[in-house]
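# sequence below, structure please.
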Amino acid sequence: MNTVKRTRIVELLTREDYGATVNVKGWVRTRRGSKSVNFIALNDGSTIKNVQVVADVEKFDAELLKLITTGACISVDGTLVQSVGSGQNVEVQATAIEVLGTCASDYPMQKKGQTFEYMRQHAHMRLRTNTFGAVFRIRHHMAMAIHQYFHEHGFVYFHTPIITASDCEGAGQMFQVTTQNLYDLKKDEEGHIDYSGDFFGKATSLTVSGQLEGELGATALGAIYTFGPTFRAENSNTPRHLAEFWMIEPEMAFYDITDNMDLAEDFIKYCVRWALENCQDDLAFLNQMIDKTLLERLHFVLENDFQRLTYTEGIEILEEAVRNGRKFEFPVSWGVDLASEHERYLVEEHFKRPVILTDYPKEIKAFYMKMNDDGKTVRAMDVLFPQIGEIIGGSEREADYDKLMARINELEIPMKDMWWYLDTRRFGSCPHSGFGLGFERLILFVTGMQNIRDVIPFPRTPKTAEF
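Have a look, this model is predicted:
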């Protein structure tokens, strides 16, 4: 065995040099057959498609064939032949089979029709299923598309810290990082924890966003983007929230809110187009098995200009819908933060196209957003998608030091560790904008999956940190 160089199945399926000797390795999806011939569906993760291995029973030891069960790992030498069955062009007529790893009978992924909830309990093994193979190949492609887009547009890939002493969102829902002995914490006379002996000498946490440091990069390098893990200690057990997730956050000097919206629309369309061009087999599978409207929805985003309107106009449309009998779970009025159902109504029912909402009330947006002249709204922008709701959130940033400080004081945000951020407004301040895209929200949209826990390999949620 193994005198022939291995061929990945994704490449093998495109070959037409029938009669060639080949080697394939992978995991057994199924084995079926009769007394004279066995058919083994083999997959190596390189494609959603299996290659069929045909084994004449009389050529192989019966004990060897018994070991070839669902989940077993095997290496096959054989002859590439044209397939007589439908579904594939080629198959492998086996001449030698080696079992690289047997699979015990309690293998959790051997049955069909398991629920996603069941598979989350076996997240270390669900990766081998067709569905999750498709999802994570698409996730890889989306990461490549993001890097390629920003590279082509002159952005610098900028690495912001994961351990931070600042709370970007001001929400306080952060995971603390410490080297102190939690069973014997030193406290000062007022009963506060004394961090002087901690590793960093102060309270530190896992980051909720790289934006503030990203602004430093943008005001030096012109345009940057971050792409890394972020953490929210938010006790939300919903299909849309994770405690650990990945964020893409571009920041651009000299961009106003309109430039920001133009970039967001162009960027998200680029990602969707990349998926349609590079993930055809996986998308076709997910369209058939998970969401029969998936491909239609992806084309919907590409083929429509995004509708732009203010938050106030959006609220008026929603209130009109309520007057006309439309029922929403959450009430609608000026000043409320829109729920997903409101966002989806605007996209899916009213405009029938993606929507960018702007000019939100300052009370429901972050301190760093630029105030409009009305003193009530800020230059925020949210991109709303079908099925998802908000997929991108961003704004033009407040560039004026005095206005930013007034907002910080108004919200009583502790800024003792944020002097460095304020320096960007003291030393050569410039107009600048940016936005954040939750990577998993993008993957939800592109795959048609319904739960955000199913588009990250090992989800971190309240009371769950397995694997």
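# what ranges do the helices span in this protein?
Secondary structure of the chain by DSSP state H: the helices cover 9-12, 62-66, 116-120, 123-126, 130-152, 211-221, 257-278, 280-289, 294-303, 311-323, 340-344, 401-411, 419-426, 439-447.
# what's the closest of those to Thr3?
Nearest of the helices of the chain to Thr3, taken as CB to CB: helix 9-12 at 17.2 Å. In short, each C-beta sits where N, CA and C put it, glycine included.
# which strands or helices does that closest one pack on?
Taking 3 or more CB pairs under 8 Å, 6 or more residues apart in numbering; DSSP states H and E as contact, the helices and strands that helix 9-12 lies on are strand 21-33.
# so Ala218 makes contact with Thr424?
No - with contact defined as CB atoms under 8 Å, Ala218 does not reach Thr424; the gap is 9.0 Å.
# quick one on the thing from earlier: nearest to Pro354, of the helices of the chain?
Shortest distance between Pro354 and those, using CB to CB, is found for helix 294-303: 5.8 Å.
# now that closest one against helix 257-278, angle please.
When axes from the mean of the first three to the mean of the last three CA atoms, to 10 degrees is applied, the directions of helix 294-303 and helix 257-278 differ by 140 degrees.
# need the contact list for the residue lying closest to Asn260 once chain neighbours are set aside.
Nearest non-adjacent residue to Asn260, counting by CB to CB, 6 or more residues apart in numbering: Ser433, 3.9 Å away. Neighbour list for Ser433: 251-252, 255-257, 259-260, 394-397 [criterion: CB atoms under 8 Å, 6 or more residues apart in numbering].
# pLDDT and neighbour count added to those, as CSV?
Below are these laid out as CSV (pLDDT from 0 to 100; neighbours: other CB atoms under 10 Å):
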residue, pLDDT, neighbour count
Glu251, 98, 32
Met252, 98, 24
Tyr255, 98, 23
Asp256, 98, 14
Ile257, 98, 22
Asp259, 98, 15
Asn260, 98, 27
Gly394, 98, 27
Ser395, 98, 24
Glu396, 98, 26
Arg397, 98, 28
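# narrow the residues you listed to those in strands?
Under the assignment DSSP state E, the contacts of Ser433 contribute 251-252, 394-396 to strands.
# identify, from these, the entry nearest to Thr178.
Lowest distance from Thr178 to those (CB to CB) belongs to Glu251, with 29.6 Å.
# I figured the closest one hits Gly222, correct?
No - with contact defined as CB under 8 Å, Glu251 and Gly222 do not form a contacting pair (9.8 Å).
# what mean pLDDT does stretch 303-317 have?
Averaged across stretch 303-317, pLDDT comes to 97.
# cool, stretch 97-115 as well?
Averaging pLDDT along stretch 97-115 gives 91.
# begin at 837 from now on, thanks
Yes, from this point I'll number from 837; that puts the last item at stretch 933-951.
# contact partners of that stretch?
Contacts to stretch 933-951, defined as CB under 8 Å, 6+ apart, come from residues 837-838, 861, 864, 889, 891, 896, 900, 903-913, 955, 958, 961-962, 964-965.
# which of these count as buried?
Neighbour-count burial (16 or more other CB atoms under 10 Å) applied to these gives 861, 864, 889, 891, 896, 904-913, 955, 958, 961-962, 964-965.
# show me what contacts Trp1082?
1063-1066, 1274-1276, 1292.
# settle this for me: Arg1109 is touching Leu1138, isn't it.
Yes - with contact defined as CB under 8 Å, Arg1109 counts as touching Leu1138 (6.1 Å).
# settle it for me: which of the two has more neighbours?
Taking neighbours as other CB atoms under 10 Å, Arg1109 and Leu1138 compare with Arg1109 leading, 15 against 12.
# what about the more buried one, distance to Val1137?
Arg1109 is 9 Å from Val1137, where distance means CB to CB, to the nearest Å.
# same question for Trp1170.
Distance from Trp1170 to Val1137, by CB to CB: 29 Å.
# who's more crowded, those two?
For Trp1170 versus Val1137, neighbours defined as other CB under 10 Å are more numerous around Val1137 (22 against 12).
# check contacts around that one.
Taking CB under 8 Å, 6+ apart, we find Val1137 in contact with 1104-1105, 1108, 1190, 1221-1222.
# of the residues you listed, which one scores lowest on pLDDT?
Least confident of the contacts of Val1137 in the model: Pro1222, at 91.
# and for the protein, the residue most distant from the center?
Distance from the C-alpha centroid of the chain peaks at Glu894, with 48.7 Å (CA atoms, centre = their mean).
# please name the nearest non-neighbouring residue to that residue.
The shortest distance from Glu894 to any non-neighbouring residue, by CB to CB, 6+ apart, is to Ser872 (7.2 Å).
# next: Val860.
Distances taken as CB to CB, 6+ apart put Val912 closest to Val860, at 5.2 Å, once the chain neighbours are dropped.
# what separation is there between Lys1299 and Glu1152?
Distance of Lys1299 to Glu1152, computed by CB to CB: 42 Å.
# which one's more surrounded, those two?
Glu1152 (14 against 6).
# got any ranges where the stretch 937-1086 of the chain has weak pLDDT?
For the stretch 937-1086 of the chain, applying pLDDT under 70 flags the ranges 1003-1008.
# and Asp1173, how many neighbours?
Neighbour tally, Asp1173, other CB under 10 Å: 12.
# that one is in contact with Glu1199, isn't it?
No - contact criterion CB under 8 Å: Asp1173 and Glu1199 do not qualify, at 9.2 Å.
# if I look at those two, which residues touch both of them?
Joint contacts of Asp1173 and Glu1199 (CB under 8 Å, 6+ apart) do not exist.
# if we can go back for a sec, which among the contacts of Ser1269 gets closest to Gln1047?
For those, the closest approach to Gln1047 (CB to CB) belongs to Glu1087, at 6.9 Å.
# which residues touch the closest one?
If you count contacts by CB under 8 Å, 6+ apart, Glu1087 has them with 1047, 1050-1051, 1053-1054, 1059-1061, 1268-1270.
# identify the bridge partners of it.
Glu1087 forms beta bridges with Ile1060, Gly1270, as assigned by DSSP bridges.
# ok, now how distant is it from Ala930?
Using CB to CB, Glu1087 is found at 56 Å from Ala930.
# go on, Lys871?
Look at Lys871 and Ala930: by CB to CB, they are 17 Å apart.
# look at the two and report which has more neighbours.
Counted by other CB under 10 Å, Lys871 and Ala930 do not tie: Ala930 has more neighbours, with 20 against 7.
# quick one: pLDDT of that one?
At Ala930, the pLDDT value in this model is 97.
# isn't it up against Val893?
No - Ala930 is beyond contact range of Val893, at 10.7 Å (criterion: CB under 8 Å).
# who touches both of the two?
Shared contacts of Ala930 and Val893, defined by CB under 8 Å, 6+ apart, are absent.
# low-confidence ranges in the stretch 1187-1303 of the chain?
For the stretch 1187-1303 of the chain, no range has pLDDT under 70.
# from the chain's centroid, how far away is stretch 1150-1161?
Centroid separation for stretch 1150-1161 versus its chain: 32 Å, with CA atoms, centre = their mean, to the nearest Å.
# residues of that stretch that come out buried?
1150-1151, 1153-1154, 1157.
# Thr1194: which of those is nearest?
Checking the buried residues of stretch 1150-1161 one by one against Thr1194 (CB to CB), the nearest turns out to be Gly1150, at 9.3 Å.
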